[in-house]
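*Asks:* no sequence for this one, just the structure:
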Ligand SMILES: [Mn+2]
Ligand SMILES: [Mn+2]
């Protein structure tokens, strides 16, 4: 009956292997849960930009608060990175892809709010404590960065509307120019990823909406005077 | 207008990056197609075991022919391995998982036919030119090996039936014992993978079917006498 | 206002063009309805093979009746062919694909019942009054022929069971050999068509069921004696 | 065993036939990819019409650049036409329908920008190197031409908005008249094609939007004086 | 045992019943097609109300032309009514519901244009040659009448905009008051989550749009003087 | 105005409530994992009944071993019960329903093996340390108990087959009578179209299989002589 | 637009008029929706009771007479609910409310045809089993009720619509019940060594007839895409039921063939005494 | 298998025993299923009546006091149905039957929170509008009923379970109603030239609060895949409602900005007399 022992032994090894793997996954999930907690906090803060000015913090304060939370985010990604190891990034990446995309979106938005420009992938990665190189193992996927940009466009179209409601007619015009360039950039890409492609279709819609806001401002002469500069 | 150039430049880089990635995927697909060609050839040869001995090759010959094709299989996996690189195994593994599982199944079956025992994961990996270690990059996933074993159980239940039809009453009893042990092994595992779990439910069914065959043999007194040994 | 007339004139032309096209489609639909009527009649007749012999016609009579209906089928396809024209076969083929596949299935079954062999695509096409060449315009698509073969395998697995119930132990063994060869043939194909591929998966299941029937016959010694020949 | 050889032989022929067909499809896909590359380039150029005049090229220059790219488009369609052959246009047309529709849209837009009138189907076909006759094999489908017109209407509604933003109050009024006639034309059609019908519903929306723009101009007395002519 | 033959007989009856039903349906569809043709003609005529007065017919002429077509509509409904019979109204009503709704919409619009008031359900039914009583078999469903009113509100919001463009500042104010009353009426209803509810949800947008137009007129002092009455 | 802070406070409470709930669920899952571990151990032991007597333990030993593990099971359920509390049984019961059903199955089987009779619901509950009263909070649901009985029937049909293989012709006949009675019992129930109904639908197959075994024994005169009684 | 010059109604009175008609519309809609709700509730009851009736018919442990007597009682109770629906819809076209009671109607048709089969089965030969199928006409006849508010020679009866499609869908489901019974009978036949006269064969023939008929009818129905999908789904289910029946008959037949090939044939005769088959 | 030697029960008595326990099981199941059916029916009534209450609340053509009085009556009538459910489930854990009345409960929560908002709205500032949200506690308090069969100090009250998830789903839907009202208010504000104090702003703020809160909560719920999908779907709907509200407020604001830029400003003062706004 030696045979039997052999088979059983092998399956016991396999079971302990599966157990280990399962535990790793659980730990990853715990970490991702922490990241999602951070993401929720950031999201709640960022909603403040749509509130009438008087009600909440200034944009500056909001950006500051958001960036402060990224200290905790970086620690989480650090831990995740150790857990996952270089080779297994793509094995588990579906677990954190959603939250990573959202962080990328938050950082793109903050960059625009602070500096009025497109955040670079490197900067997003740095603020999350990640690399942009696949070879580094735990990195910021290009798709997640791009998806973050598209989410930002949606948020900006909402912001353009709410700025007007709050009596700010300058920001929508800034947003319009920014999103125009962003759309031109995306037009260069031959997107195969269905999810991104669908989001990209949304960009056209966002862009049209922002153009409508600028139109409403311009036709009523509400925008900044030309000689005011911007 | 420096800004604009910057944005466009960035998106052009991204597009060329996406293009490269897409090309890699196409090449992987070509390789997987070659593997599938081999798999179909092996499958055709292995069907011979269900035919009455006289009509086709002996089991020994069949096993020999199958193993010969693995020379070509190994070359393919070698190429794939170079294409994919260490870090990206899990990024693309869904592309070859199906065919890898089938090869693992074929090798498990051949091992049983030749030696009447359970093939080891290491041996399967060796014959496919792969490692069993994740750290090696391109490797044989445990799940694929296990799935191969379960596919083998299905084929063995069919073989048990066809052996009886061909008048061979010994093999079904061998199969019965082998699958009994295999099932006992699997029972030790706490399977979380839904696909495997579903296949494992099939094992119970195969096992019952084989028991039925042994029953049919025994109640008709067709089986080998106990003192005949096996 | 010449412009306007121009635009309206163009759209009126377009409307009459659309009308013509729509009428063609309606006529095609009427023809396909007639074909489906024939198909239903054949199907009803062919169900007779599953009935206990005493209850219905003999297999020979059934095959004869089925083939008689194909006179009407050929007339229908003739009409369809004239309607559709050479260039537009693929434009409308989804309309008759279902029924063509079923006719192909019926003819494959009849060929097996009469001569115990695999019907050739040319013969199926001839009996339906079609060509096998795409260049001929209205032809029998390869996929439809193959799909017909797979439908036949399903029907044969049912027939094997019902033959035994009716006390006929020879036919199942014939069926078994026939389907074994059919399966071997299909194994050579690299099916990309998802529909066919799914049906092909069903073939393995049919094949297993037929093997089980032969097994039940053999283990009880019910089959034809070897010296009886077949 | 002659029979068996026959069956296998037949299936081997079928497999080589399937392989050839698959290769044709791959080549078609490559060509369509090239067409899509051209389409993206044109799209980028055409976006220029939404920018304030000073920032980009004049409308005239834009139209010129777009038409230049159609030299490459024609070459691609020429190749496609040879690949597909006369009989198989409808077999594969779903592969290039999307991009063909887009080209048709671009050409309709250019015609309006240049001459303020509706492009004829013949002209679109000519610029793409296609026929308008189905009998010619590779041709411009009526549906694709119509769909292109509807896409143009969407773009024009966006253009009307952006013209006002840029201080051009004449073009929106031109657009309004043009789209009014276009809508009247489409109203004559009894569209059965679900896709076109859905797009046509969009036309009503675009039309309403353009009317709104004209309204905004008129109520503010921003439009051209009546005696100015147009 | 009359029944005996009866059962197979029944299924034969069912088959012939289905055939008859199919023919009836085809005839209904033909009739509905004719109705849709009329509806398109009316729609084309009614578009005239959005054009500047000089360009087309007067409202009076338009209303007259529309009502003239209803002679043909009544004939169609007469035929339909005979085809369908008393008992089967609800069996087939989904086939003509769409077009009936549209006619109801056209008549509501005409009534408003002519008399500035809500058309009565009885009047709509009369003009279409229908009853308002369910017991009469072929009748005008309340839902279809209500849905027609909602479609009218949408058209009126468009009319309000185009009136202003054409320099008519009185009509929008009349529309405003009328739609305000209509909304009050609809607010009395307890709707289900069905098609009508969905259409009703759009009413508030129409209402908002009309109010905007009136507002624009008011703040520019373009409306009728108060002492002018209405 | 305590409420004032209260609402945001409420959402904060909800958040912390959700956090707590999540933790409770995790702990429940851990406990259920332990239960599943026990279930797997029992399952492995119970497989012994299908083996020839000589190879493994006697039935008596097997039953003894199984019941010994229930000491650990009871402890687990005790913990679960404390975790869940009286009020929340139905909130979380889907988490342990699967494993509870399996334990109920094991105990029904053991009762039959030991005493040849139907285990009482109270006894199953007692051995698992549960109540049968819903009012007690943590209890054994009737559905789970019944489902366990149906799982037992499936296992008994397998046992009947394997008994014959091992040369035991008495047990299958006992099983036959027992399952016959069980089926009569189940036939009294008015089931819904739920999980239980689906399982119950399988009972007839088990019953048929057992009857086949008994038949095989009978026609070969292998069963106990009539005068032997049972 | 040039407004038509005419006497526009006075604004206030128009508003009052509109509110008045819409108040009527509201009442009309409320009445219809309430009626719908009431019918839905009765329909649910019918579904539940029909299901119970079907379970009852599977209980062959009581003698058939008693079984049928109880079944008739249950049927009467269900018909009362239908009568209530008919009374509710006396002024309406019941077709307009068919969706409200369609699930109940289908389940009822299933129960009725199963019951009719069981009643006629014993006196009907397998080759004649098609006469045991409940016809559409029979269903329609069951659903005719006296009208309590009948006036003279008109409206003497209340009827409920039974569209062909509902009938077919109800009939389709009876194959599922027949299949269950077919397998149970196969088990019983094997258990009682009564392999040649198994009721399984009759049930299988019944299912085969229904399948063949439904196949022909269902592909001819000119229906909505959703309905079409439902029919295809039913057809698949019926096919798999038929296969299960055929497999059950096959098992019985194959077992029956086992005897002559064994030496123990003679011994069998003593063993398979009636006392054994309980 | 070596059978354990022990006193097997006598065959006949075992059968009788089994039938006896199964008869009990049947009764237990029948009672439960009947209870479920009764609760489902009451739940349907609650859904219908709650929907009517919501429609009623949109009818701002009557004075608010009258409106609220009628609303209270409707609420009382709905609570009676809940009371009936509670009485039916007095011996049961209402959580076990939650699926039977969950749609009604959610619609009721929607109606109640809409009603509460309308009650408090006028006396609450936009910046404080979060105080108008109906809390879970409040819902739970509404669903406490006297127990007619109360014995001494125990069982004095009947309560129905209101799981957090049901509360959130009900609350989510109120954004739809608030959105409808927000757009209606925008239209009214523009119509009455009262652009600065539009109720739209308040309603938009209300929807924004609910959306933000729901977003945070819903992503934390540890639920089944089906439920998760439902939450995501609701979140999408809420987002689109919020966008619609924001767009409505935007329109109001943009219109409000139109005035100063026109020469006609002075003329406006004479035109926008109250008589104009009906
Ligand atoms: Mn049923
Ligand atoms: Mn709602």
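*Replies:* Noted; the coordinates are in hand. Keep in mind it's a predicted model, so treat the numbers as computed, not measured. Ligands and ions are numbered 1, 2, ... in the order given.
*Asks:* Report the closest residue of the stretch 151-278 of chain G relative to chain D.
*Replies:* At 12.0 Å from chain D, residue G:225 is the closest residue in the stretch 151-278 of chain G, using CB to the nearest CB. (Glycine included, C-beta is placed from N, CA and C.)
*Asks:* Return the distance of that residue relative to residue D:194.
*Replies:* Distance, residue G:225 to residue D:194, by CB to CB, to the nearest Å: 12 Å.
*Asks:* Residue A:154 too?
*Replies:* 29 Å.
*Asks:* and what of residue G:163?
*Replies:* 28 Å.
*Asks:* what's the answer for residue A:81, then?
*Replies:* Where residue D:194 is concerned, residue A:81 sits at a distance of 50 Å (CB to CB).
*Asks:* Residue A:77 too?
*Replies:* 47 Å.
*Asks:* With neighbour numbers in mind, choose between these two.
*Replies:* It is residue A:77, of residue A:77 and residue D:194, that has more neighbours when counted by other CB atoms under 10 Å in any protein chain shown, with 22 against 8.
*Asks:* that's a strand at the more buried one, yeah?
*Replies:* No. Applying DSSP: H, G, I helix; E, B strand; the rest coil, one finds residue A:77 to be helix, outside a strand.
*Asks:* right, and it touches residue A:138 too?
*Replies:* Yes. Taking CB atoms under 8 Å as the definition, residue A:77 is a contact partner of residue A:138 at 7.0 Å.
*Asks:* Quick check: neighbours shared by these two?
*Replies:* residue A:130 (CB atoms under 8 Å, 6 or more residues apart in numbering or on different chains).
*Asks:* measure residue G:192 to residue F:214 for me?
*Replies:* Distance from residue G:192 to residue F:214, by CB to CB: 11 Å.
*Asks:* Give me the distance from the longest helix along chain A to the chain's centre.
*Replies:* As assigned by DSSP state H, the longest helix anywhere in chain A is helix A:2-46. In this view, helix A:2-46 has its centroid 25 Å away from the chain centroid, taken as CA atoms, centre = their mean, to the nearest Å.
*Asks:* what is the orientation angle of that helix with helix F:2-46?
*Replies:* Orientation check (axes from the mean of the first three to the mean of the last three CA atoms, to 10 degrees): helix A:2-46 against helix F:2-46 gives 170 degrees.
*Asks:* mind giving me the domain split of the chain?
*Replies:* Because you didn't say which chain, this covers chain A. For chain A, automatic domain parsing gives the domain ranges A:1-140, A:142-230.
*Asks:* Switch to chain G, please.
*Replies:* G:28-148+G:156-162, G:167-257.
*Asks:* What's the end-to-end length of stretch G:156-172?
*Replies:* 33 Å (CA to CA, to the nearest Å).
*Asks:* hmm, that stretch touching ligand 1?
*Replies:* No. On the criterion CB under 5 Å from the ion, stretch G:156-172 is out of touch with ligand 1, staying 9.7 Å away.
*Asks:* hmm, that stretch in reach of chain E?
*Replies:* Yes. Stretch G:156-172 reaches chain E (CB under 8 Å from any CB of the partner chain) through G:163, G:164.
*Asks:* Now that stretch: buried residues?
*Replies:* Neighbour-count burial for stretch G:156-172, counted by 16 or more other CB atoms under 10 Å in any protein chain shown, picks out G:158, G:160-163, G:165-172.
*Asks:* State the pair within those that is farthest apart.
*Replies:* Farthest apart among these by CB to CB are G:158 and G:172. That separation is 27.3 Å.
*Asks:* And the helices in chain A?
*Replies:* Counting by DSSP H, the helices of chain A are A:2-46, A:59-84, A:89-115, A:121-128, A:142-165, A:171-187, A:194-219.
*Asks:* For the ones you listed, state which one has the densest average packing.
*Replies:* With neighbours defined as mean count of other CB atoms under 10 Å in any protein chain shown, these peak in mean count at helix A:142-165, which reaches a mean of 23.
*Asks:* chain center to that helix: distance?
*Replies:* 10 Å.
*Asks:* Tell me how far the residue in chain A that ligand 2 sits nearest to lies from chain F.
*Replies:* Closest contact between chain A and ligand 2, by CB to the ion, is at residue A:158 (23.3 Å). Using CB to the nearest CB, to the nearest Å, one obtains 22 Å as the distance from residue A:158 to chain F.
*Asks:* re earlier: mind giving me the packing neighbours of the longest helix of chain A?
*Replies:* helix A:59-84, helix A:89-115, helix B:142-165, helix B:171-187, helix H:199-218 (3 or more CB pairs under 8 Å, 6 or more residues apart in numbering or on different chains; DSSP states H and E).
*Asks:* what about the last one and chain A, any contact?
*Replies:* Pointing back at helix H:199-218 there. Yes. Helix H:199-218 lies within reach of chain A by CB under 8 Å from any CB, at H:208, H:212, H:215, H:216.
*Asks:* quick check, nearest of these to chain E?
*Replies:* residue H:208 (19.3 Å).
*Asks:* hang on, isn't that closest one packed against residue A:50?
*Replies:* Yes. Contact status for residue H:208 versus residue A:50: in contact at 7.1 Å, counting by CB under 8 Å.
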